[in-house]
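Enquirer: My questions concern the predicted model and sequence given below.
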Amino acid sequence: MKNVKLKICGMKYPENIEEISTLNPDYLGFIFWEKSSRNMNLETIPEIPRSIRKVGVFVNASIQDIISKVNQYQLDIVQLHGNESVTYCKNVKKFGVEVIKVFSIGDKFDFTTIKEYVLFVDYFLFDTKGKLPGGNGITFDWKIVENYPYEKPFFLSGGIGKTEVDAIKDFFKTDVAKKCIAIDVNSRFETKPAYKSEIKLRKFKKLLYENEI
Ligand SMILES: O=C(O)c1ccccc1N[C@@H]1O[C@H](COP(=O)(O)O)[C@@H](O)[C@H]1O
């Protein structure tokens, strides 16, 4: 049994945060990008179990802004979803948070281009290249990830919904999946922007479990 972790991203509404927390995901994500319909604008995040790690998602933000949000919302992890450099990641890590660096994948991807990041981030996250920096709701060809050459663990993301369960199952038969620590879901589980369906997510979690993913 692989027991992959689950990250539910793009949370915004207090009652929905509390409701989705009852599913005990491993990570809850909050978008800090003003142009997103999921932009987080609450003063505080409601109390959630400590076992659920809070991830702040940023797109080319200033380090100052990141640090202020980490302190305000007690974020455990920072997800960098823009063109942040290796030096930038290194500087964010100095503040004692874990760093997820995102790379968006198109028709092909040269993993040698991200080698310099390996020493300075905690995880990679592979998302689909699209019109928006993230939250495009479309999948990419996961076969590309089979060429991933590093040991650094990664999150698999981009348009994942219930219809991807069979593909996820197949992906977890590949060698590279040993390095995939989490499945990241977002727009495909929404009933309206940023509002996640508890029923759909519960079913998805159950399907992952039943398929021994
Ligand atoms: O969701 C957004 O609005 C968003 C905006 C800016 C950066 C990242 C964003 N979301 C991230 O995108 C991925 C994939 O989402 P989806 O499944 O394709 O909807 C996810 O990691 C979100 O954190």
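Expert: Nice, thanks for sending it over.
Enquirer: Enumerate the residues of this protein near the ligand.
Expert: 9-10, 29, 31, 33, 36, 38, 57, 59, 81, 127, 132-137, 157-160, 184-188 (Cβ under 6 Å from any ligand atom). Glycine gets a C-beta too; all of them are placed from N, C-alpha and C.
Enquirer: Stretch 138-149 spans what distance, first to last residue?
Expert: 24 Å (Cα to Cα, to the nearest Å).
Enquirer: Name the residues of the longest helix belonging to the chain that are buried.
Expert: Longest helix of the chain, by residue count under DSSP state H: helix 198-210. Buried residues in helix 198-210, counting neighbours by 16 or more other Cβ atoms under 10 Å, are found at Lys200, Leu201, Phe204, Lys205, Leu207, Leu208.
Enquirer: Out of those residues, which is nearest to Ile67?
Expert: Set against Ile67, the nearest of the buried residues of helix 198-210 by Cβ to Cβ is Leu201 (30.8 Å).
Enquirer: since we're on Lys101, how many residues are nearby?
Expert: 26 (other Cβ atoms under 10 Å).
Enquirer: OK, contacts around it?
Expert: Leu80, Glu84, Cys89, Ile114, Tyr117, Val121, Tyr123, Phe124, Leu125 (Cβ atoms under 8 Å, 6 or more residues apart in numbering).
Enquirer: do that again at 7 Å, thanks
Expert: By Cβ atoms under 7 Å, 6 or more residues apart in numbering, the contact list for Lys101 reads Leu80, Glu84, Cys89, Tyr117, Val121, Phe124.
Enquirer: biggest separation within those residues, which pair?
Expert: Glu84 and Phe124 (12.4 Å).
Enquirer: What segments of this protein are helices?
Expert: According to DSSP H, the helices that the chain contains are 14-21, 63-73, 86-93, 165-171, 198-210.
Enquirer: Please render these as CSV that adds mean pLDDT to the earlier fields.
Expert: Output for the helices of the chain, formatted as CSV (pLDDT from 0 to 100):
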stretch, mean pLDDT
helix 14-21, 98
helix 63-73, 97
helix 86-93, 97
helix 165-171, 97
helix 198-210, 96
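Enquirer: Now render those as JSON lines, adding distance to Glu47.
Expert: Listed next are the helices of the chain as JSON lines, based on distance: least, Cβ to Cβ, whole Å:
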{"stretch": "helix 14-21", "distance to Glu47": "8"}
{"stretch": "helix 63-73", "distance to Glu47": "12"}
{"stretch": "helix 86-93", "distance to Glu47": "26"}
{"stretch": "helix 165-171", "distance to Glu47": "31"}
{"stretch": "helix 198-210", "distance to Glu47": "18"}
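Enquirer: right, and these - which one's nearest Tyr150?
Expert: Nearest of the helices of the chain (Cβ to Cβ): helix 86-93, 14.0 Å.
Enquirer: Since that was my last question, I'll sign off now.
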